[in-house]
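In: need the 3D shape of this:
(2 chains)
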Amino acid sequence: MMESTLIPLMVVFPLLAAVVLNFIHGSRLVKHLMLACAILLIALPLIVSYGTHTFGGHSRIPFGSDLVPGIVYSYNPHQLVLIVALCLIAYLASSVYMHSSKTLSGVYLAFMLVGIAACAAIILSDDIFHMFVFLEIAVISQSALVIASGTLDSIKAVIKYLIVGNVCANLILLGIALLLSVAGSLNTTDIQNHLSKNPQLYLTPVVLLACSLLLFGWSYSAGLFPFHNIKSEMYAGAEPSAAALIQTQTKLILIAFAIMLLRIFGGVPHLRPLMLAISVGAMIFGVVMALRQDDYRRLLSYHAISQAGYVASGLSLGTPLAIAAGIFHAINNILFKSALFIGCDCVKYRSGATEFSKLGGALVSIPAVGFLVLSAKLAISGIPPFNGFQSKLMLIKASLAVGYPELAAIMILVSIGTFVSMIKAFHLIYLNHNEKAEVRTRHIPKTYVISLAVLVMLCILLGVYPDPLLKLIQPIADSIAGALPGGGV
Amino acid sequence: MSLFQTASFMTAGTLMLAGLFAVLFIDNILKKVLGLSFIADGVNLMLIATGYKEGGIVPIIMEGMTKTEFAAKAAYPLPMALVLTSIVISVSTIALILGLVLKLHAKYGTLSVKEIWGE
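Out: Next up is the predicted model:
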């Protein structure tokens, strides 16, 4: 692939911007700087050309080993889509924060930017240790965003997340150490080549242990079963607009980590069934827990877990159609779930609460938000013509094609559960006349409506015309599935 | 595998198990954090032991050393670089946890998980 020197800018620029913003507090300069950075961040992936970048200018060592001695970033069409989606949500989430918050904190926005940089590095990196380092940076930035909400529950959620996260991070590192001892490299492509040239290694205890440890790490970093409760507490502890960004980052980390797992351990027997079991667990537990919630933020948090289950199950199936469907659903989910979280932020801004017992009759005061949120709810439930319908249909088709009709049935049932809980929430917040409903203000910033309108329009656009996006995703899906034993089937 | 390497792996395993026990079964948050530190140290030791070479030298080309001699004797430097990064990451996350634990202690006046989380 061609050398593209601008690729690291997608990581370096947000980090530099974060350093600058970190020193500015409470002034309008914060707002202008952040908006300029966010727009540049969306433009950057579109300017940078596809290719690879090797840090330090080291080329491959050809003598016998053919290894890369430095960290490598590779940039392909699917990464463009993922990074643009991340930067778009960051732009909308930061705009909502800046227009709804009384005091502007440069530190808060700096952590948003650090999160973007970390996530971009994870998506671009072809080096497992580099990925691990930025995974930890993402954990710290997400924790900071949650702590910023200032409640005791958020601090408790972060402590739990960090303690479990620290254990999982060490397990990931152990897995990386084991892989290093087997392949002598940290480069994903090199490890993949080494293992595929020596397929007997897939069954050695060291590789199997490394695979189990990294699978465990994947399930933690993607907030899947059995870590769904910890992750959903994080979403619920954050301000809803920040939760939109955190869940976006989590979905992208899920994809990047799963691609790495499939590339390195594709030949390990039972890897994909195990991944599938974790995904189905997340889908079911997420929706069941969501149905039981009496707080809107918590309900959305559990749905984020359930939707992550859909994405992970697509990637776990391992066929070109399933992988493309999984990535497509992740992008769709980023759009409609962010719309729902921003809608929740608007409800919180209006009422000062997110418990259903304190909400009601919001459609009269914020009708535009109500209708846009209803569209996002229909999108997440998989109703046509929204994007959720397209990706869920693709996932169902993919599971039927692989010969898992049970999985297709579970996906349909979970979708019905999602629809029920979403409509229940809409009724309780927007339609129900609750005498105990609290109304703090009747005027909401226009940013809410604009952000929601942008996201809903994208949901409709991708629902009606998904082909251009699928064309960008399909090459990576074909490449991963092609490298799996039996072409992923 | 040399005796030093075997001993290092066993020590690393013991550290990790002790740390895991503290995280899972001890009620005091501070001791849980200490457990995390034990696990991190165990993993770091494991990494260092992976790169150990019997009779090896530091991976720096000294004066009068030929390339063949260097390749034969030098220890693998990558695990050392990884451990350095891992220590930094571990210190920052543990510092963040300790800061939050201070906040909880100021609010509840205890470090017991059962009392704070009301289990």
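In: residue A:73 belongs to a helix?
Out: No. Under DSSP: H, G, I helix; E, B strand; the rest coil, residue A:73 falls outside any helix and is assigned strand.
In: my read: it touches residue A:53, true?
Out: Yes. Here residue A:73 reaches residue A:53: they are 4.6 Å apart, a contact under C-beta atoms under 8 Å. In this view, the C-beta of every residue, glycine as well, is placed from N, C-alpha and C.
In: give me the common contacts of these two.
Out: Applying C-beta atoms under 8 Å, 6 or more residues apart in numbering or on different chains, one finds that residue A:73 and residue A:53 are jointly contacted by A:7, A:8.
In: contact residues of chain B facing chain A?
Out: By C-beta under 8 Å from any C-beta of the partner chain, the residues of chain B that approach chain A are B:16, B:20, B:23, B:29, B:32-33, B:36, B:39-40, B:42-43, B:46-47, B:50, B:78-79, B:82, B:85-86, B:89-90, B:92-94, B:96-97, B:100-101, B:103-104, B:107, B:116-117.
In: narrow those residues to those in helices?
Out: Among the residues of chain B next to chain A, the members found in helices (DSSP state H) are B:16, B:20, B:23, B:29, B:32-33, B:36, B:39-40, B:42-43, B:46-47, B:50, B:78-79, B:82, B:85-86, B:89-90, B:92-94, B:96-97, B:100-101, B:103-104, B:107, B:116-117.
In: just the buried ones from those?
Out: B:16, B:20, B:23, B:29, B:32-33, B:36, B:39-40, B:42-43, B:46-47, B:50, B:78-79, B:82, B:86, B:89-90, B:93-94, B:96-97, B:100-101, B:104, B:116 (16 or more other C-beta atoms under 10 Å in any protein chain shown).
In: what's the helix or strand for the residue in the stretch 251-400 of chain A that chain B sits nearest to?
Out: In the stretch 251-400 of chain A, the residue that lies nearest chain B is residue A:253 (16.0 Å; C-beta to the nearest C-beta). Using DSSP states H and E, residue A:253 sits in helix A:240-265.
In: now that helix, how far from the chain's geometric center?
Out: Distance of helix A:240-265 from its chain centroid, counting by C-alpha atoms, centre = their mean, to the nearest Å, is 4 Å.
In: and if you look at stretch B:91-104?
Out: 18 Å.
In: neighbouring contacts of it?
Out: With C-beta under 8 Å, 6+ apart, stretch B:91-104 has contacts from A:136, A:139-140, A:143, A:147, A:152, A:155-156, A:158-159, A:162-163, A:165-166, A:169, B:29-30, B:33, B:36-37, B:40, B:111, B:116.
In: can you give me the buried ones in the helix or strand that the helix holding residue A:253 is followed by?
Out: Moving toward the C-terminus from helix A:240-265, the next helix or strand (DSSP H and E) is helix A:271-291. The neighbour-count check on helix A:271-291 (16+ other C-beta under 10 Å) flags A:271-272, A:274-276, A:278-287, A:289-290 as buried.
In: and residue A:458, how far is that from residue A:340?
Out: 14 Å (C-beta to C-beta, to the nearest Å).
In: let me fix that: residue A:205
Out: Counting by C-beta to C-beta, the gap from residue A:205 to residue A:340 is 45 Å.
In: same thing with residue A:158?
Out: 23 Å.
In: what's in contact with the helix or strand of chain B with the lowest mean pLDDT?
Out: Here the helix or strand of chain B ranked lowest by mean pLDDT, DSSP states H and E is helix B:67-73, holding a mean of 82. With C-beta under 8 Å, 6+ apart as the test, helix B:67-73 has contacts from B:53, B:55, B:56, B:57, B:59, B:61.
In: turn those residues into TSV, columns for pLDDT.
Out: Output for the contacts of helix B:67-73, formatted as TSV (pLDDT from 0 to 100):
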residue	pLDDT
B:53	81
B:55	81
B:56	82
B:57	83
B:59	81
B:61	81
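In: how about these, which pair is most distant?
Out: Pairwise distances among the contacts of helix B:67-73 were taken by C-beta to C-beta; the largest, 17.3 Å, belongs to B:55 and B:61.
In: between these two, tell me which one has more neighbours.
Out: The residue with more neighbours, out of residue B:55 and residue B:61, is residue B:61; 11 against 8, by other C-beta atoms under 10 Å in any protein chain shown.
In: around chain B, pick out the residues from the stretch 101-250 of chain A.
Out: So the stretch 101-250 of chain A meets chain B at A:129, A:133, A:136, A:139-140, A:143, A:147, A:152, A:155-156, A:158-159, A:162-163, A:165-167, A:169-170, A:173-174, A:176-177, A:180-181, A:186 (C-beta under 8 Å from any C-beta).
In: return the members of the residues you listed classed as buried.
Out: A:129, A:133, A:136, A:139-140, A:143, A:147, A:155-156, A:158-159, A:162-163, A:165-167, A:169-170, A:173-174, A:176-177, A:180-181, A:186.
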